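Peer 1: could you work out the structure for the sequence below:
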Amino acid sequence: SYEHFALKKDGSIFPVEVQAKTLPYEGRSFRVTAIRDTTERKKAEEEIRKLSHSVEQSPAIVMITDISGNIEYVNPKFEEVTGYIAKEVIGKNPRILKSAKTTSEEYEILWKTIKAGGVWHGEFHNKKKNGELYWESASISAIKDTKGQITHYISIKEDITGRKAMDKKLRESHNRLRSFAERLQMIREEERATIAREIHDDLGQSLTALKMDISWVKNNPEMDIEAKTAKFDMMLDLTNSTIQSVKRIATELRPGILDDLGLVPAIEWQAAEFQNRFKIQCNVSINKSDIIIKDEISIAVFRIFQETLTNVARHSNATEVDIKLNFHVDNKLIMEIADNGVGIDEEQINSSKSLGLFGMRERVNILNGEVEIIGEHGIGTIVRVLIPVSKER
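Peer 2: Numbering: from 1, shown residues only. All right, here's what the predicted structure looks like:
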């Protein structure tokens, strides 16, 4: 037999299969030829070919097993993801991929579902040939014959390891943001309480004393000039003290020097204040420039500087801090703060509880900058901040 093409009456061409056989009849030989139209068979073969190529080239993992669960087919994507080649797994059970992360109850539900002719959807935390764990999303269903009997099972799976990692990062980021918001609220309440206490204990007492002195002067008009002068001097001293208290409270909320003179003097002032308060030596190195930095950048850098010094005072046990602020010609501001304290480890750097560090990163990210935190046990910690700046001279 052989395949050929035939011509229909209407002139169209169609595929045929030709079978010929020589038969003897009454002492003579006859050639019997049968021609079969193979159009439908060819169409079916083409569909099978396309389906086969689709499975072979699929971006999803495809696995076919017999009714006992033994593997009969895997596509190239399976080999790419798991590290096994087809001949290593054919005839074996998919349990070779098990990592003990999926419970026996889940497998029972799976088998119950597909044996009943249903479709099971779920996720596996499986193990590759090299021992590496990976996540996959799977849909498993039965393949039935023309009588409706189950003959095989097919699994269509997708490697979702990257998605799982991204989901985890998003959850962690969400938790950090929520913690950060709670911390901001707590700080806001603490600041309000501090301001209220300062106003009550300091300004309130001073103003009450002034009120009493003014009332006393008013109610004693007959006192001599010398007593009046002495009383007014006391009132003037108290007024000056009150003014200084107001300035101190305002400076603690937001240093006026940052608005009046800019970032560099504010950094120098804060370093001096820190050194005087905590007795930690501060070595400041700044390549001073007439560059004018946008307010939002100045505020962010200054607050990061304050937060870093606060961490040094609270956690580092340092005796010395080196502070460098450089303005590069390529429109970048680089601030580096290095202490000689106990150092910070990687777990602390990445901890969701390190809200101060998280706040630094958020400030820097908003300005399209970068922050790097390096710690070495017993050596100290370095905080390096790089922020692009728009400079005006």
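Peer 1: kindly check the end-to-end length of stretch 258-269 for me.
Peer 2: 9 Å (C-alpha to C-alpha, to the nearest Å).
Peer 1: in it, what counts as buried?
Peer 2: For stretch 258-269, a neighbour-count test (16 or more other C-beta atoms under 10 Å) marks 258, 262, 263, 264, 266, 267, 268 as buried. Every residue, glycine included, has its C-beta placed from N, CA and C.
Peer 1: now do stretch 103-121
Peer 2: Residues of stretch 103-121 classed as buried by neighbour count (16+ other C-beta under 10 Å): 110, 113, 114, 120.
Peer 1: closest to residue 148 among those residues?
Peer 2: Nearest to residue 148 among these: residue 114, at 14.7 Å, using C-beta to C-beta.
Peer 1: how about the closest one, what does it touch?
Peer 2: Contact analysis of residue 114 by C-beta atoms under 8 Å, 6 or more residues apart in numbering lists 120, 140, 141, 142, 153.
Peer 1: mind giving me JSON lines with those residues and columns for distance to residue 367, pLDDT and secondary structure?
Peer 2: Formatted as JSON lines, these follow (distance: C-beta to C-beta, whole Å; pLDDT from 0 to 100; DSSP: H, G, I helix; E, B strand; the rest coil):
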{"residue": "120", "distance to residue 367": "49", "pLDDT": "94", "secondary structure": "strand"}
{"residue": "140", "distance to residue 367": "49", "pLDDT": "94", "secondary structure": "strand"}
{"residue": "141", "distance to residue 367": "52", "pLDDT": "94", "secondary structure": "strand"}
{"residue": "142", "distance to residue 367": "57", "pLDDT": "93", "secondary structure": "strand"}
{"residue": "153", "distance to residue 367": "55", "pLDDT": "94", "secondary structure": "strand"}
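Peer 1: pop the domain breakdown of the protein in here.
Peer 2: 2-40, 58-159, 254-393 (automatic domain parsing).
Peer 1: and of the ones you listed, who's closest to residue 172?
Peer 2: Of all these, domain 254-393 comes closest under C-beta to C-beta, at 6.0 Å.
Peer 1: just how off-centre is the closest one within its chain?
Peer 2: Centroid displacement of domain 254-393 relative to its chain, using C-alpha atoms, centre = their mean, to the nearest Å, is 23 Å.
Peer 1: any idea how far residue 229 is from residue 217?
Peer 2: Separation of residue 229 from residue 217 (C-beta to C-beta, to the nearest Å) stands at 11 Å.
Peer 1: ranges for the helices of the stretch 201-350 of the chain?
Peer 2: For the stretch 201-350 of the chain, the helices defined by DSSP state H, counting those that start in this stretch occupy 205-219, 225-253, 256-260, 263-278, 295-311, 346-350.
Peer 1: now tabulate those helices in a markdown table and tack on distance to residue 379.
Peer 2: Formatted as a markdown table, these follow (distance: least, C-beta to C-beta, whole Å):
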| stretch | distance to residue 379 |
| --- | --- |
| helix 205-219 | 48 |
| helix 225-253 | 32 |
| helix 256-260 | 32 |
| helix 263-278 | 20 |
| helix 295-311 | 16 |
| helix 346-350 | 14 |
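Peer 1: quick check, residue 235 in contact with residue 210.
Peer 2: Yes. If you go by C-beta atoms under 8 Å, residue 235 and residue 210 touch, sitting 6.1 Å apart.
Peer 1: hang on, the earlier thing: of all the buried residues of stretch 103-121, which comes closest to residue 160?
Peer 2: Closest approach to residue 160 among the buried residues of stretch 103-121 (C-beta to C-beta): residue 120, at 16.3 Å.
Peer 1: which residues are in contact with that closest one?
Peer 2: 109, 110, 113, 114, 138, 139, 140, 141.
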